[in-house]
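Engineer: Build me a structure from this.
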Amino acid sequence: MADSCFVDIREPDGSTRRIASSSRGGAILHVSSESVAEPLTATVMRIGQPRLEPSVLAVPLVTQAGITGVLTWLASRDRPFFGVQELELAQHVARRCALAIDNSRLYREARTAVSIRDEFLSVAAHELKTPMTSLRGYAQLLAREFDKGQVANPERARRAATTIQVQSDKLARLVAQLLDVSRIQSGKLAIERKPSDLSGLVREVVDAARTQLREHTIVARLPSELWVPIDPLRIEQVVTNLIDNAIKYSPDGGQIDVMLACDADDQTVKLAVRDRGVGVPVEHRANIFDRFYQAHAGGALTSMAGMGLGLYISRQIIELHGGTIRAEFPDDGGTCIVITLPR
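Structural biologist: Purely as a prediction, here's the structure:
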């Protein structure tokens, strides 16, 4: 069909890169072929339509993602000029190549999806098993106490009942996160806004967290009240997650700061939760709001890494409110999560 052929692809930044070329040994190309080929290839890459010159033939590689590249053929001096028949054959070859590219991409995406699924199932099974093991153990302990006809050790029974309550709450949160992810993926996660005292809501979450702290101190800087149109249940979920993370990832204790205030323009409010814990490794910072992403997986904090859903769900909730959420990393260590919400 031709004496020389090359394949150019479009890079993500819009530039063109030649990934393959081949020529028939001893073939002497038309001088016009070499001068016409490059601009012709660029034109086909831009407009996505084939171009036919007497000694040059260029057809686009059109995949599901759009114009992916160009196949270009050159004729030698001793070969007849290209015609309609060669054009049809070239288009057929290009369609086959484009189909192969699409299949390769789909296969790669499927493998990635399977890998994410398997990793998620492994993490979810571990996270769900942990509270279930505690629930079972302490339930058995209580059962033995009651089998004696009376509670022989009231203090131990009280601790067992408290642990059951805490682990039940953790299990309920894990299940709720899984349901939220399902709603997000199906576009059914909804919020119900109503005027709410955000300051009072944050204060309640902080007070609840303080009752379970031993080595941490929460310093809250909150106005007496701050009314904002929000979904209070969903925002409470976000604030609880941020404070839980701050506690979890500062295992040596220390101060946790919670700050809420209006911006200078009085059009937005800013909520910040800052810890002085282990922080986030630099290479993981860009991905901490991604679904199933665990910045500390594989390290010393693997056992407390969770399912990688808390920040992902929090981002979705905040964005549904028309707000933003971002992470800052102070020079003296730790992490600060900053939320802005419209008033």
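
Engineer: Within its sheet, name the partner strands of the helix or strand hosting residue 58 and how each one runs.
Structural biologist: Using DSSP states H and E, residue 58 sits in strand 56-63. According to DSSP bridges, the neighbouring strands of strand 56-63, each with its direction, are strand 51-52 (antiparallel), strand 66-74 (antiparallel).

Engineer: and the longest one, what's its mean pLDDT?
Structural biologist: Read that as strand 66-74. Here strand 66-74 scores 91 as its mean pLDDT.

Engineer: what do you get for stretch 330-338?
Structural biologist: 92.

Engineer: where are the low-confidence patches of this protein?
Structural biologist: Along the chain, segments meeting pLDDT under 70 span 1, 25-36, 119-127, 130, 148-152, 296-306.

Engineer: Figure out which of the strands paired with strand 56-63 is closest to residue 8.
Structural biologist: Closest approach to residue 8 among the strands paired with strand 56-63 (C-beta to C-beta): strand 66-74, 5.0 Å. The way it works is simple: take the backbone N, C-alpha and C, and place the C-beta from them, glycine included.

Engineer: what's in contact with the closest one?
Structural biologist: Among residues not part of strand 66-74, those counted as contacts by C-beta atoms under 8 Å, 6 or more residues apart in numbering are 1-10, 19, 29-30, 33-34, 37, 40-41, 44-45, 48, 55-62, 82, 86, 90, 93-94, 97-98, 101.

Engineer: roughly how far out does that strand sit from the chain middle?
Structural biologist: 33 Å (C-alpha atoms, centre = their mean, to the nearest Å).

Engineer: What residues sit buried inside it?
Structural biologist: Under the neighbour-count criterion of 16 or more other C-beta atoms under 10 Å, strand 66-74 has 67, 68, 69, 70, 71, 72, 73, 74 buried.

Engineer: nearest to residue 308, of the residues you listed?
Structural biologist: Distances from these to residue 308 were compared by C-beta to C-beta; the smallest belongs to residue 68, at 32.4 Å.

Engineer: need the helices for the stretch 151-300 of the chain, in chain order.
Structural biologist: With DSSP state H, counting those that start in this stretch applied, the stretch 151-300 of the chain shows helices at 154-185, 198-210, 232-248, listed in chain order.

Engineer: any idea which of these is most buried?
Structural biologist: Most buried of the helices of the stretch 151-300 of the chain, by mean neighbour count (mean count of other C-beta atoms under 10 Å): helix 232-248, with a mean of 21.

Engineer: quick check: angle from that one to helix 154-185?
Structural biologist: For helix 232-248 against helix 154-185, the angle by axes from the mean of the first three to the mean of the last three C-alpha atoms, to 10 degrees is 120 degrees.
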